[in-house]
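Student: Have a look at this prediction, sequence included:
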Amino acid sequence: MNNRPLLAITMGDSAGIGPEVVAKTLIDSSIYEKCNPFVIGNTEAMDQAFRLINSDVSIRRVSSVEEINTNAKTVDVLDLGNLDFEKIEYGQISAESGKASVEWILKAGELAASGQIQAISTAPINKEACSLAGHKDIGHMEIFQSQTGVSQVATMLMTGTLRVVHLTTHRSLRIACDYVTRDNVLAKISLTHDYFQKWGFPNPRIGVSALNPHASDGGLLGDEEHMQIGPAVEDACSMGIDATGPIPADTVFNQNIDGKYDVCIAMYHDQGHIPIKVHDWQRSVSVNLGLPFIRTSVDHGTAFDIAGKGIADHISMMESINTAVSLVSNSELPGSQK
């Protein structure tokens, strides 16, 4: 095999659009000039996905990384034999599909942690299906965090120059507000600073969002800015980190787009996701900070309503792979200062 990075693509929930967006990505020959991709998933599901998009690409089932020799005409699928695809219906939640999708994620994490592969790009899973299968970890990041035992992780969404790290992701809004503490905010600022330095930003400029409207208007609309976020930013600055905040959430993301900051920190899931998806959802990508390997992902869900129809957009998966390759090959995010 050539010296291009070996990249695992987890197929996601077999009842969703994951197999389709993976198939549409892997028929693009430019992918094979950058990396050696292969799929961890179900052979029959991937075969069906290629037929759905009228592709003549063939599928080859493999049982180990050593067998992988993917090219533009033949896609290798590392199939764990853990799913009967004939029992799966597009658009239907099932414990069987949820169980298999988590097992594919864990296999990818095992291979990445042991150094057998260089990066992971993930297709979407269905959290309800995973829960039905008995899994308590809600998302990819949480699954990988539990698997690897790392203490500090974060999800970053990015599209173009807009990059948003989240203080919390899969928490209810009521609980997420309780996570806005001085220590938690400082930990995320520090993690963001460290990873951006590794990824091509010598002195990253970090804009930290407020939690409350208008950054609380001097305490009229809450005290988290004065009691928690502001002190955390001051602590970060005393450590030599270029951090600014708290900045009203209706301002900070536009400032990032305009180039004032290299990255923003959002206080909760929707505060960070909405600006990303309004700005350019099609090309948005998720990247994890804190894991012992590179993991990127599409920035959309399983889209059960259009699964099996052949109309899913694969651009986010393509961007996810491009980002992973850039991080592995050049240790830089797209748009870095290197």
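Tutor: Now that the structure is in, tell me what you want to look at. This is a predicted model, so every value here is computed, not measured.
Student: Does the helix or strand harbouring C237 pack against any helices or strands, and if so which?
Tutor: Here C237 is covered by helix 230-238, with elements defined by DSSP states H and E. Helix 230-238 is packed against helix 182-198, strand 205-209, strand 242-247, with contacts defined by 3 or more CB pairs under 8 Å, 6 or more residues apart in numbering; DSSP states H and E. C-beta: built from backbone N, CA, C; applies to glycine.
Student: what lines up beside the shortest one in the sheet?
Tutor: Using DSSP bridges, strand 205-209 pairs in its sheet with strand 242-247 (parallel), strand 263-266 (parallel).
Student: Could you verify that Q147 is part of a strand?
Tutor: No: under DSSP: H, G, I helix; E, B strand; the rest coil, Q147 sits outside any strand and is assigned helix.
Student: Can you classify the residue nearest the centre of the chain by secondary structure?
Tutor: Among the residues of the chain, S286 comes closest to the average C-alpha position under CA atoms, centre = their mean, at 3.0 Å. Three-state assignment for S286 (three-state DSSP): strand.
Student: ok, now K107?
Tutor: K107 is classified as helix under three-state DSSP.
Student: And G200, how far from L327?
Tutor: Remark: distance between G200 and L327 (CB to CB, to the nearest Å) = 9 Å.
Student: returning to what we had before: which parts of the helix holding C237 are buried?
Tutor: Within helix 230-238, the residues that count as buried by 16 or more other CB atoms under 10 Å are G230, P231, A232, V233, D235, A236.
Student: Most widely separated two among the residues you listed?
Tutor: Pairwise distances across the buried residues of helix 230-238 (CB to CB) peak at 10.8 Å, for the pair G230 and A236.
Student: what sits up against stretch 218-228?
Tutor: The contact list for stretch 218-228 (CB atoms under 8 Å, 6 or more residues apart in numbering) reads 177, 180-182, 185, 210-216, 246.
Student: Of the residues you listed - the most surrounded one?
Tutor: Counting neighbours by other CB atoms under 10 Å, V185 comes out on top of these with 28 neighbours.
Student: Quick check: neighbours shared by G200 and L327?
Tutor: Shared contacts of G200 and L327, defined by CB under 8 Å, 6+ apart, are found at L333.
Student: Between those two, tell me which one has more neighbours.
Tutor: L327 (24 against 19).
Student: How about the helix or strand hosting the more buried one, which residues are buried there?
Tutor: Using DSSP H and E, L327 maps to helix 315-330. Neighbour counts using 16+ other CB under 10 Å place 315-328 of helix 315-330 among the buried residues.
Student: ok, of the residues you listed, which one's closest to S14?
Tutor: Out of the buried residues of helix 315-330, the member with the shortest distance to S14 (by CB to CB) is M317, at 15.7 Å.
Student: so the closest one touches D299, yeah?
Tutor: No: if you go by CB atoms under 8 Å, M317 and D299 don't touch, sitting 9.8 Å apart.
Student: which one is G12 nearest to, not counting chain neighbours?
Tutor: Excluding its sequence neighbours, the residue lying closest to G12 (CB to CB, 6 or more residues apart in numbering) is G18, at 2.7 Å.
Student: ah, wrong one, I meant T181
Tutor: Nearest non-adjacent residue to T181, counting by CB to CB, 6+ apart: Q228, 5.4 Å away.
Student: And the one you found, how far from S216?
Tutor: 11 Å.
Student: Just give the number of residues close to T43.
Tutor: Residues near T43, counting by other CB under 10 Å: 20.
Student: quick one, phi/psi of it?
Tutor: Per-residue torsions, T43: phi -60, psi -50 (degrees, to the nearest 10).
Student: what's it in contact with, if anything?
Tutor: The neighbours of T43, taking CB under 8 Å, 6+ apart as the test, are I59, R61, V77, D79.
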